[in-house]
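A.B. asks: here is my input, please return the structure:
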Amino acid sequence: MNFLILALITPFIGCGLAYIFRGRLSGIIASIIALITVIFSIFSLYEISFSKIMISYDVSLFKWLNTESIFGLLCDPLTSIMLILITIVGFFVIFYSLGYMSPLNADHAFYQPYGSYYFLMLLFIGAMIGIVTANNFLQVFFFWEITTLCSWALISYTKDKKASFSGLKAFIMTHIGGLCFLVALAIMYTQLQSFDFSCLDLLSTNSKFIVFTLLFFAASAKSAQIPLFTWLPDAMVAPTPVSAYLHAAAMVKAGVYLMARTYISNATLSGNPAFLMGTIAILTMIVSVILYYFQDDLKKLLAYSTIGHLGYILFGVSLGMLGSKTGGMGGVFHIINHGFAKGLLFLSVGAIAYATGSKSIKELKGVSKKFPLFTTCFLAGMFAIVGVPPFSGFWSKFMIFTGAFELKNSITNTFGLLAIFESILAFCWYIFVGHRVFFGEASEKVIKANNNIPFSMNFSLICLLILSVISPLIGYPFVKALFGGY
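C.D. replies: Numbering: from 1, shown residues only. Predicted coordinates for the structure are as follows:
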């Protein structure tokens, strides 16, 4: 548990150092701090293994609440899955940024100051670790709000009019969810004087549904589900490493983590709460895949894909709430499989844009002739996302589909058919985009592209490619342990 504490505090210490040292040095310091955080996280997982360990600390400042300990650390298999994803992808995104944040970047202006960028990235990593290691809802909320602030600042990083508007939009829409979270906390306290994850089981039926709905609305805002999903595509104006981390591997995963944690901590969440979550998730999946077909910007395509796959995770969790252990396992399993694959896709698109100055599907063609690494990474991430066997997404999506039909319920069966329909539509469009962008005669943008890609970008892509392939082997033991060795 000592290593878990170190993993939590290291990014917060490091973000101050990164801000103090200006210029390229701040990026080097941030990379070292992020790597140390990964090491501490891995050591903590080794120390704790697959058990569930919780420690608590009394915080005298909050004694007036007359409730259980406010601050503590929790590490179980769900926390472990999130820690692996948050810290490893966080390190590679920061290391990738060393090369990406450069005047040689053909897609973006020269970003400065570096210090504030790396300060915000490390602060975000620390906040995400805080969310997934918190041992109660109130502690989650503290770190939850930090991620909202970091997202606003990083989306607005370039300070132009569009970026400022998109950052403010993301802040307002996700903060609406934060207000719902706050109301849910107030109801928990007034009725139970408790913020424990398992306290929903102790509420009356009506109160339980109200609190769950408020928490789900908070998660929906954070994870860009209908109706609060439009902020995520607009947030693609941010630097690509920001998109890769905040909007594929970390921040948007905070919402689905909240729902997964609520599900595994409470035994009586079924019926209306589960159907509410499943309905919103399926609706979001269908709307997002339809919007694929109207996108020319590769990053916006990935944004809508992220929205749909967060729907997959929530759909899987809802199946678990209804009694399908296979569906619940698939939902949690999809967190890590999607996170590594989508991070790889975003950084692949960032590398293409770095070299060519474009993310337009219409302007890019024949990329494989000049950039075989980028092509391999994008296609591997694409096959993982659409669920082509034996790539990672297949295993978790198959478990979700199985869970939908396992319940022998006409509603979940219909949802399962719609999820399969979504998967087919996504496969068709991704195949079209992959063929259009990477094969055929090279377009003018590709012919004139810069061949000198920084080592940090290539290295990060190769490592994420490997992680995307092996993520089922990494994640499944934790998923199995979380569900009692099922």
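
A.B. asks: which parts of the stretch 101-250 of the chain are helices?
C.D. replies: 114-133, 137-155, 161-192, 205-222, 231-234, 240-244 (DSSP state H, counting those that start in this stretch).

A.B. asks: so which of the ones you listed comes closest to L269?
C.D. replies: Evaluated with CB to CB, those place helix 205-222 nearest to L269, the distance being 6.4 Å. Where you see a C-beta, it was placed from the backbone N, CA and C, and this is true even at glycine.

A.B. asks: quick check: buried residues in that closest one?
C.D. replies: Across helix 205-222, burial judged by 16 or more other CB atoms under 10 Å covers 207-209, 211-222.

A.B. asks: and what of stretch 191-207?
C.D. replies: Quick answer for stretch 191-207 (16+ other CB under 10 Å): 192, 194-197, 199-200, 203, 207.

A.B. asks: farthest-apart pair in those, please.
C.D. replies: Of all pairs in the buried residues of stretch 191-207, the most separated under CB to CB is F197 and S207 at 16.2 Å.

A.B. asks: sorry, back to before: got JSON lines for the buried residues of stretch 191-207, with pLDDT too?
C.D. replies: Output for the buried residues of stretch 191-207, formatted as JSON lines (pLDDT from 0 to 100):
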{"residue": "L192", "pLDDT": "88"}
{"residue": "S194", "pLDDT": "86"}
{"residue": "F195", "pLDDT": "89"}
{"residue": "D196", "pLDDT": "89"}
{"residue": "F197", "pLDDT": "90"}
{"residue": "C199", "pLDDT": "90"}
{"residue": "L200", "pLDDT": "91"}
{"residue": "L203", "pLDDT": "89"}
{"residue": "S207", "pLDDT": "91"}
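
A.B. asks: possible to save these as TSV with distance to T268?
C.D. replies: Shown next, in TSV, are the buried residues of stretch 191-207 (distance: CB to CB, whole Å):
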residue	distance to T268
L192	14
S194	16
F195	18
D196	14
F197	13
C199	12
L200	8
L203	9
S207	12
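
A.B. asks: of those residues, closest to L461?
C.D. replies: For the buried residues of stretch 191-207, the nearest to L461 is F197 (36.9 Å; CB to CB).

A.B. asks: please name the nearest non-neighbouring residue to the closest one.
C.D. replies: S265 (3.8 Å; CB to CB, 6 or more residues apart in numbering).

A.B. asks: can you tell me the SS state at L73?
C.D. replies: strand (DSSP: H, G, I helix; E, B strand; the rest coil).

A.B. asks: tell me which of the helices of the stretch 101-250 of the chain sits most buried.
C.D. replies: helix 240-244 (a mean of 28; mean count of other CB atoms under 10 Å).

A.B. asks: give me the contact list for it.
C.D. replies: Residues from elsewhere that reach helix 240-244, judged by CB atoms under 8 Å, 6 or more residues apart in numbering: 89, 93-94, 96-97, 100-101, 107, 121, 154-155, 157, 235-236, 299, 302-303, 342-343, 346-347, 349-350, 353.

A.B. asks: what comes into contact with stretch 439-459?
C.D. replies: 95-100, 102, 104, 106, 347, 350-351, 354-358, 363-371, 373.

A.B. asks: ok, back up a step: the residue nearest to F197 and M277, how far apart?
C.D. replies: 15 Å (CB to CB, to the nearest Å).

A.B. asks: so which of these two has more stuff around it?
C.D. replies: Ranked by neighbour count (other CB atoms under 10 Å), S265 and M277 place M277 first, with 27 against 17.

A.B. asks: how about the nearest residue to A244, chain neighbours excluded?
C.D. replies: F346 (3.6 Å).

A.B. asks: tell me the phi and psi of that neighbour?
C.D. replies: phi -60, psi -50 (degrees, to the nearest 10).

A.B. asks: how about the contacts made by it?
C.D. replies: Neighbours of F346 in contact, by CB under 8 Å, 6+ apart: 240, 243-244, 247-248, 299, 302.

A.B. asks: now do 10 Å
C.D. replies: Listed by CB atoms under 10 Å, 6 or more residues apart in numbering, the contact partners of F346 are 93, 96, 236, 240-245, 247-249, 298-299, 302-303, 306, 381, 464.

A.B. asks: W152 now?
C.D. replies: 120, 164, 166-172, 174-175, 235.

A.B. asks: try T213
C.D. replies: Shown in contact with T213 (CB under 10 Å, 6+ apart): 180, 184, 272-273, 276-277.

A.B. asks: now for those: which two are most distant?
C.D. replies: C180 and N272 (17.2 Å).

A.B. asks: the residue lying closest to I33 once chain neighbours are set aside is in what secondary structure piece?
C.D. replies: Sequence neighbours aside, G14 is the residue nearest to I33 in space, at 3.0 Å (criterion: CB to CB, 6+ apart). Counting by DSSP states H and E, the element that carries G14 is helix 2-20.

A.B. asks: which helices and strands sit right next to that helix?
C.D. replies: Under the contact definition 3 or more CB pairs under 10 Å, 6 or more residues apart in numbering; DSSP states H and E, helix 2-20 sits against helix 24-48, strand 53-57, strand 71-75, helix 77-100, helix 114-133, helix 137-155.

A.B. asks: from the middle of its chain, how far away would the third one be?
C.D. replies: Averaging C-alpha positions (CA atoms, centre = their mean, to the nearest Å) puts strand 71-75 21 Å from its chain's average.

A.B. asks: what about it, average pLDDT?
C.D. replies: Average pLDDT, strand 71-75: 83.

A.B. asks: likewise for the longest one?
C.D. replies: For helix 24-48, the mean per-residue pLDDT is 88.

A.B. asks: now that helix against helix 77-100, angle please.
C.D. replies: Put simply, helix 24-48 runs at 160 degrees to helix 77-100, going by axes from the mean of the first three to the mean of the last three CA atoms, to 10 degrees.

A.B. asks: which parts of helix 24-48 are buried?
C.D. replies: Across helix 24-48, burial judged by 16+ other CB under 10 Å covers 26-38, 40-42, 44-45, 48.

A.B. asks: and stretch 450-464, by the same measure?
C.D. replies: Using 16+ other CB under 10 Å as the test for burial, stretch 450-464 gives 453-454, 456-458, 460-461, 463-464.

A.B. asks: with secondary structure and distance to Y19 added, can I get those residues in JSON lines?
C.D. replies: Listed next are these as JSON lines, based on DSSP: H, G, I helix; E, B strand; the rest coil; distance: CB to CB, whole Å:
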{"residue": "I453", "secondary structure": "coil", "distance to Y19": "28"}
{"residue": "P454", "secondary structure": "coil", "distance to Y19": "23"}
{"residue": "S456", "secondary structure": "helix", "distance to Y19": "21"}
{"residue": "M457", "secondary structure": "helix", "distance to Y19": "24"}
{"residue": "N458", "secondary structure": "helix", "distance to Y19": "28"}
{"residue": "S460", "secondary structure": "helix", "distance to Y19": "23"}
{"residue": "L461", "secondary structure": "helix", "distance to Y19": "28"}
{"residue": "C463", "secondary structure": "helix", "distance to Y19": "27"}
{"residue": "L464", "secondary structure": "helix", "distance to Y19": "27"}
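
A.B. asks: just name the closest of the residues you listed to V256, please.
C.D. replies: L464 (20.3 Å).

A.B. asks: ok, now which ones touch the closest one?
C.D. replies: 88-89, 92-93, 96, 244, 249, 340-341, 343-348, 377, 380-381, 471.

A.B. asks: quick one: it from L98, how far?
C.D. replies: For L464, the distance to L98 - CB to CB - is 15 Å.

A.B. asks: ok, I290 next?
C.D. replies: Distance from I290 to L98, by CB to CB: 38 Å.

A.B. asks: how about the helices in the stretch 351-486 of the chain?
C.D. replies: Counting by DSSP H, counting those that start in this stretch, the stretch 351-486 of the chain has helices at residues 367-370, 372-386, 392-406, 410-438, 444-447, 455-482.
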